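*Asks:* Sequence plus predicted model, see below.
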2 protein chains.
Amino acid sequence: MAEQTFTIKQAAEQTGISEDTIRFYEKILLLPRAERKENGHRVYRIEDIHRIKLISCLKKTGMPLEAMRPFLAASADFASAEYPELVDQLRSHRDNIVNQISSLQQIVDFVDIKLKEGRPRQECSDQSQSEDLKEHNEKEKTKPISVVEMSYFSAYTKMGMKTP
Amino acid sequence: MAEQTFTIKQAAEQTGISEDTIRFYEKILLLPRAERKENGHRVYRIEDIHRIKLISCLKKTGMPLEAMRPFLAASADFASAEYPELVDQLRSHRDNIVNQISSLQQIVDFVDIKLKEGRPRQECSDQSQSEDLKEHNEKEKTKPISVVEMSYFSAYTKMGMKTP
DNA sequence: GTTTGACTTGGAGTCGGCTCCAAGATGTAT
DNA sequence: ATACATCTTGGAGCCGACTCCAAGTCAAAC
């Protein structure tokens, strides 16, 4: 059987990314130029769908489109992942994400506490107030989040109410 | 001893949010109007710093400023967290974040795999391809990310190389 | 007393990421 | 053939979140 292909509409449906946005991604070269049929209509294959889903997934993590290029390169062209620069970028993105996860986890804890009306178990782990270790890294703007920032827990839950 | 206060510059330094941005947050009422000294200069207290840090923290999780209002309400005015609508909002944000975390965790796994040149252990848990359960919820735009989307793992690692 | 520095204000400009539109080509149904 | 749907293109417009600017105030330093 022939390889399954999709219209842009189907691609949009499958990925949850709008047709307009898919075209936009192509325009900015986040997606390779899609093949066209004789009439000029775009044709997508399953790999293209996967690529769009990858973008969607990264997008949901808050990654800016430009930052996705190395990831997409790594997926599309595995060999390129061996170029050290790319590996470094991946690594630092990884670090960012790990930090993001811990921020998110704290927000979840925070919300849970608010929802349950309980108190925080503690103050949340400290990690030194080295906000300004001044090796300002050009490529990465998202500073690691210092867990100390969550001290509003105590700040507010203390003045809260009904501590049982 | 008198309560410690801070200038906007100090607030900016402590929170990592620029002076301009702090003023901007005040302008859009994400922050309450700061008290002024006789000369009109803003004065911040430790609670204000905490609030700004909360915003910073939420921001790092990719939350839009508007979405933060309920969180800030919940921290600032604990009692208001008992209004059901607010609780619902908190709950759905919580859900979003949990989804985000799982997306992020997958990206981390993905990167780790790419970095280690290993294979994925599997396909990542399925969770049904119900992409379009059409109860499109007005308040929440970020669909839960379907882990299936990560199938590009196999798509690409298969065509990869040196499977040992 | 004028220069310096830290601030104030309102408003304009920028940037990323879409989102919408008009004009036009093609395909299929009646 | 005429309508309707589905696509194409380039470009304009929009929104969120800043970021920058000019003009002005005030206080202390020289």
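*Replies:* Now that the structure is in, tell me what you want to look at. Only a predicted model underlies this, so the values are computations on that prediction, with no experimental measurement involved.
*Asks:* Dig out what residue A:44 forms beta bridges with.
*Replies:* For residue A:44, the beta-bridge partners under DSSP bridges are residue A:6.
*Asks:* and it, what does it touch?
*Replies:* By CB atoms under 8 Å, 6 or more residues apart in numbering or on different chains, the contact list for residue A:44 reads A:5-8, A:10-11, A:34. The way it works is simple: take the backbone N, C-alpha and C, and place the C-beta from them, glycine included.
*Asks:* Residue A:59 now?
*Replies:* For residue A:59, the residues meeting the contact criterion (CB under 8 Å, 6+ apart) are A:65, A:68.
*Asks:* so how far is DNA strand C from it?
*Replies:* The span separating residue A:59 from DNA strand C equals 6 Å under the rule CB to the nearest atom of the strand, to the nearest Å.
*Asks:* Secondary structure element holding that residue?
*Replies:* For residue A:59, the enclosing helix or strand under DSSP states H and E is helix A:46-60.
*Asks:* Past that helix, which element shows up next along the chain?
*Replies:* Tracing the chain C-terminally past helix A:46-60 and defining elements by DSSP H and E, one meets helix A:65-76 next.
*Asks:* Which elements pack onto that next one?
*Replies:* For helix A:65-76, the elements it packs on are helix A:46-60, helix A:84-116, helix B:84-116, helix B:152-158, judged by 3 or more CB pairs under 8 Å, 6 or more residues apart in numbering or on different chains; DSSP states H and E.
*Asks:* right, and residue A:101 touches residue B:102 too?
*Replies:* No. The pair residue A:101 / residue B:102 is not scored as a contact, 9.5 Å apart, by CB atoms under 8 Å.
*Asks:* Among these two, which residue is more densely surrounded?
*Replies:* Counted by other CB atoms under 10 Å in any protein chain shown, residue A:101 and residue B:102 do not tie: residue A:101 has more neighbours, with 21 against 17.
*Asks:* Pull the contacting residues for that one.
*Replies:* With contacts defined as CB under 8 Å, 6+ apart, the neighbours of residue A:101 are B:101, B:104-105, B:108.
*Asks:* Would you state the predicted confidence (pLDDT) at it?
*Replies:* What the model reports as pLDDT for residue A:101 is 75.
*Asks:* try residue A:73
*Replies:* 76.
*Asks:* Could you do the one 3 residues further on as well?
*Replies:* Per-residue pLDDT puts residue A:76 at 64.
*Asks:* hang on, the earlier thing: show me which of the contacts of residue A:44 is closest to DNA strand D.
*Replies:* For the contacts of residue A:44, the residue nearest DNA strand D by CB to the nearest atom of the strand is residue A:7; the value is 3.1 Å.
*Asks:* any idea how far the closest one lies from residue A:25?
*Replies:* Using CB to CB, to the nearest Å, we find residue A:7 at a distance of 16 Å from residue A:25.
*Asks:* swap in residue A:33?
*Replies:* Residue A:33 sits 11 Å away from residue A:25, going by CB to CB.
*Asks:* The two: which has the busier surroundings?
*Replies:* When neighbours are counted by other CB under 10 Å, residue A:33 and residue A:25 differ, and residue A:25 comes out ahead with 18 against 9.
*Asks:* Check whether the more buried one sits in a helix, strand or coil.
*Replies:* Secondary structure state of residue A:25, per DSSP: H, G, I helix; E, B strand; the rest coil, is helix.
*Asks:* Please report how far it lies from residue A:50.
*Replies:* Between residue A:25 and residue A:50 the computed distance is 14 Å (CB to CB).
*Asks:* And residue A:26, by the same measure?
*Replies:* 16 Å.
*Asks:* higher neighbour count, the two?
*Replies:* residue A:50 (22 against 15).
*Asks:* hang on, the earlier thing: by how many degrees do the helix holding residue A:59 and helix B:84-116 diverge?
*Replies:* Angular relation of helix A:46-60 and helix B:84-116 on a 0 to 180 degree scale: 120 degrees, by axes from the mean of the first three to the mean of the last three CA atoms, to 10 degrees.
*Asks:* what angle do helix A:46-60 and helix A:65-76 make?
*Replies:* Interaxial angle, helix A:46-60 versus helix A:65-76 (the same axes, to 10 degrees): 140 degrees.
*Asks:* Now do the buried residues in helix A:46-60.
*Replies:* Judged by neighbour count (16 or more other CB atoms under 10 Å in any protein chain shown), helix A:46-60 contains these buried residues: A:48-60.
*Asks:* do that helix and DNA strand D meet?
*Replies:* No. Using CB under 7 Å from any atom of the strand, helix A:46-60 stays clear of DNA strand D, with a minimum separation of 11.9 Å.
*Asks:* CA atoms only for that helix, dumped as CSV, please.
*Replies:* What follows is the C-alpha trace of helix A:46-60 in CSV, where atoms were taken according to Å, rounded to 0.1, in the frame of the first residue of the first chain:
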residue,chain,number,x,y,z
ILE,A,46,3.5,10.8,9.1
GLU,A,47,7.0,12.0,9.9
ASP,A,48,5.8,15.6,9.2
ILE,A,49,3.0,15.0,11.6
HIS,A,50,5.5,13.8,14.2
ARG,A,51,7.6,16.8,13.7
ILE,A,52,4.7,19.1,14.2
LYS,A,53,3.7,17.2,17.3
LEU,A,54,7.2,17.6,18.6
ILE,A,55,6.9,21.4,18.1
SER,A,56,3.6,21.3,19.8
CYS,A,57,5.0,19.5,22.7
LEU,A,58,8.0,21.8,23.1
LYS,A,59,5.7,24.7,22.8
LYS,A,60,3.7,23.5,25.7
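*Asks:* Right, I'll call it a day here.
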